[in-house]
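no sequence for this one, just the structure:
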């Protein structure tokens with residue numbers, strides 16, 4: 001019974017996240033449709049989250065914003081995963097001198113403010129776009145993954161089955177891809193899951209500052225920023241995207257903790 005509990009606990013947050021991805025395509029409606037006569041309507045039917053200044057349905061905009069925030073979080077995590085796994089694996093399998101040099105480089109990057117680096121990367125890469133945004137976020141999130149992978153590789157490479165593979169003539173790359181990486185996949189998956197909510201928060205912060213998702217697209221951070229000027233008059237315009245952002249981060253983080261407990265990490 002205990003073995004099925006973590007799996008069942010993933011069902012509710014997993015279904016809600018899946019709905020955030022699929023529901024905008026199922027619901028008939030355009031989140032960018034402007035109807036000035038319906039501007040700033042209070043929550044109710046047919047607009048359960050109300051409308052914004054331009055009369056756009058806030059419920060649809062929050063759904064699309066949640067999906068975009070989640071997809072950016074997943075995409076940036078994939079970028080960080082790709083860089084971090086390669087870097088950490090090479091560092092762990094290399095000799096002591098190379099390993100030390102590579103980890104000192106990671107330590108130096110850790111000393112830099114992440115948001116400052118993201119802003120510089122987006123400027124250097126050529127302005128604002130969703131692709132540049134998740135690439136920039138992913139390029140500063142790989143450091144923790146590299147450390148985790150390196151630590152796991154150092155542990156696994158001393159196991160008896162790795163020693164046996166080397167005795168049979170397997171090279172470093174063969175040992176790495178056939179024996180080491182498959183045995184640290186669970187750990188990588190768990191830490192990647194924890195990276196997603198972190199990226200979502202960082203993207204929301206950048207969008208809140210006006211440095212994230214470009215118009216006419218809108219993430220949850222963009223919607224929160226749009227609700228600031230009218231917070232005292234139309235508080236629901238900032239309340240609903242803020243609540244959904246909090247719920248999204250909590251659910252993804254919850255899945256990570258469930259997986260961590262399930263895998264005994």
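Yep, it's here. Computed from a predicted model, the values in this text were never measured in an experiment.

what about the helices in the protein?
5-9, 11-26, 58-93, 96-110, 114-125, 130-140, 142-156, 160-167, 172-175, 181-183, 185-208, 220-227, 236-263 (DSSP state H).

Show me which residues of the fourth one are buried.
When you say that, I think you mean helix 96-110. 99, 102, 103, 106 (16 or more other C-beta atoms under 10 Å). Where you see a C-beta, it was placed from the backbone N, CA and C, and this is true even at glycine.

from the residues you listed, which single one is nearest residue 62?
residue 106 (37.5 Å; C-beta to C-beta).

sorry, back to before: could you point out which of the helices of the chain sits nearest residue 38?
helix 58-93 (10.9 Å).

is it true that residue 37 touches residue 51?
No - between residue 37 and residue 51 there is no contact under C-beta atoms under 8 Å: 10.0 Å.

Tell me which of the two has more neighbours.
residue 51 (22 against 6; other C-beta atoms under 10 Å).

Skipping adjacent residues, who's closest to the more buried one in space?
residue 41 (4.4 Å; C-beta to C-beta, 6 or more residues apart in numbering).

what about the one you found, how many neighbours?
Neighbour tally, residue 41, other C-beta under 10 Å: 19.

Show me what counts as buried in stretch 42-51.
So, applying 16+ other C-beta under 10 Å, buried residues of stretch 42-51: 47, 49, 50, 51.

Which pLDDT value goes with the residue nearest to residue 237 when sequence neighbours are not counted?
Counting by C-beta to C-beta, 6+ apart, residue 237 lies nearest to residue 227, which is 3.8 Å off, once chain neighbours are set aside. Looking at residue 227, its pLDDT reads 87.

ok, now the one 10 residues further on?
Looking at residue 237, its pLDDT stands at 88.

so it makes contact with residue 228?
No - Residue 237 is beyond contact range of residue 228, at 9.0 Å (criterion: C-beta under 8 Å).

which stretches of the stretch 1-150 of the chain have low pLDDT?
The stretch 1-150 of the chain contains residues with pLDDT under 70 at 1-30, 125-128.

Mind doing that once more with 50?
Where the stretch 1-150 of the chain drops to pLDDT under 50, the residues are 1-4, 6.

ok, back up a step: just give me the closest of the buried residues of stretch 42-51 to residue 137.
residue 49 (27.3 Å).

and the closest one, what is it in contact with?
Residue 49 makes contact with 43, 57, 58, 59, 62, 236, 240, according to C-beta atoms under 8 Å, 6 or more residues apart in numbering.

Next, give me the two most distant ones among those residues.
57 and 236 (12.6 Å).

higher neighbour count, these two?
With neighbours defined as other C-beta under 10 Å, residue 57 and residue 236 compare such that residue 57 has more, 24 against 20.

How about the more buried one, nearest residue that isn't a chain neighbour?
With C-beta to C-beta, 6+ apart, the residue lying closest to residue 57 is residue 47, at 5.3 Å.

do the same with residue 88
residue 149 (2.9 Å).
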